[in-house]
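J.: heads up, no residue letters with this:
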């Protein structure tokens, strides 16, 4: 059951989870939170999806909040691993790391998408962690556009960089919710790729012509 669920995550993210019960819980909960929203998922449904008793889940996690905290930690690790060459000026490296980062944001999208203010009202610690990871990814998107601009991959007015990065993040965070309503029954990975293509469509007017064939070749791998 977990194996079927895990197919909804990309290999990069899955590589940071083991086959131990705790990690299987994290995988199942991540997929369920992404699909149904954090507040709509119960610990019972997570346990069922994982193929364990609910008591076993409580052994590893005291609450759903603890699961979120662990998801954030994994997200940080996966994201950093996909941006090891963040200073590279090579077009192919810049594009590849952007693609990988989009996939990771997709895999952990509920953290960036859901509103936790009421859910964790009064719990400053978890709210701070969620705010910090959201702010970090917002800044990352803006910096990636700026880096691409500074190294000639895209040509854009510097004043437009913030707006462009925000549009890209909106797609990365909210595309699935919209796409599942418009394309019910369509494979999750197909929708992920379609979202990536939407981002490329937005960037296309600004991309250096030499970067176009690199992007097309990488898309074939998806």
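T.: Structure received. Every value quoted in this text rests on a predicted model; they were computed, and no experiment measured them.

J.: angles on the backbone of the residue lying closest to residue 172 once chain neighbours are set aside, please.
T.: Leaving out its chain neighbours, the residue that sits closest to residue 172 by C-beta to C-beta, 6 or more residues apart in numbering is residue 105, at 4.4 Å. For every residue, glycine as well, the C-beta is placed using N, CA and C. Backbone torsions for residue 105, taken as degrees, to the nearest 10, come to phi -60, psi -40.

J.: and if you look at residue 154?
T.: Phi and psi for residue 154, reported as degrees, to the nearest 10, are phi -130, psi 150.

J.: partners of it in the sheet?
T.: residue 207 (DSSP bridges).

J.: that one reaches residue 204, doesn't it?
T.: No. Under the criterion of C-beta atoms under 8 Å, residue 154 lies out of contact with residue 204, with a separation of 9.7 Å.

J.: and these two? Which one has more around it.
T.: residue 154 (22 against 12; other C-beta atoms under 10 Å).

J.: counting by contacts, list what whichever strand or helix holds residue 171 packs against.
T.: Of the helices and strands defined by DSSP states H and E, residue 171 is found in helix 161-182. Counting contacts by 3 or more C-beta pairs under 8 Å, 6 or more residues apart in numbering; DSSP states H and E, helix 161-182 packs against helix 91-107, helix 109-113, helix 124-150, helix 188-203.

J.: please state the offset of the third one from the chain centre?
T.: Yep, that's helix 124-150 we're talking about. A distance of 12 Å separates the centroid of the chain from that of helix 124-150, by C-alpha atoms, centre = their mean, to the nearest Å.

J.: any idea of the angle that helix forms with helix 91-107?
T.: Relative orientation of helix 124-150 with respect to helix 91-107: 150 degrees, computed using axes from the mean of the first three to the mean of the last three C-alpha atoms, to 10 degrees.

J.: buried ones in helix 124-150?
T.: 126, 129-130, 133-134, 137, 140-142, 144-149 (16 or more other C-beta atoms under 10 Å).

J.: re earlier: and the contacts of the helix holding residue 171?
T.: Residues external to helix 161-182 that are found in contact with it (C-beta atoms under 8 Å, 6 or more residues apart in numbering): 34, 102, 105-106, 109, 112-113, 137-138, 141-142, 144-146, 149, 156, 186, 188, 191-192, 194-195, 198-199, 202-203, 206.

J.: report how many residues lie close to the nearest residue to residue 22 once chain neighbours are set aside.
T.: Using C-beta to C-beta, 6+ apart and skipping residues adjacent in sequence, the residue nearest residue 22 is residue 60, 4.5 Å away. Other residues near residue 60 number 17, with proximity taken as other C-beta under 10 Å.

J.: show me the contacts for residue 60.
T.: Going by C-beta under 8 Å, 6+ apart, residue 60 touches 21-22, 25.

J.: let's see 10 Å
T.: 20-26, 52, 66-67, 70 (C-beta atoms under 10 Å, 6 or more residues apart in numbering).

J.: equivalent analysis for residue 145, please.
T.: With contact taken as C-beta under 10 Å, 6+ apart, residue 145 is in contact with 98, 153-154, 156, 158, 160-165, 168, 203, 206.

J.: just those now: which is nearest residue 44?
T.: For residue 44, the closest of these turns out to be residue 168, at 36.4 Å, with distances computed as C-beta to C-beta.
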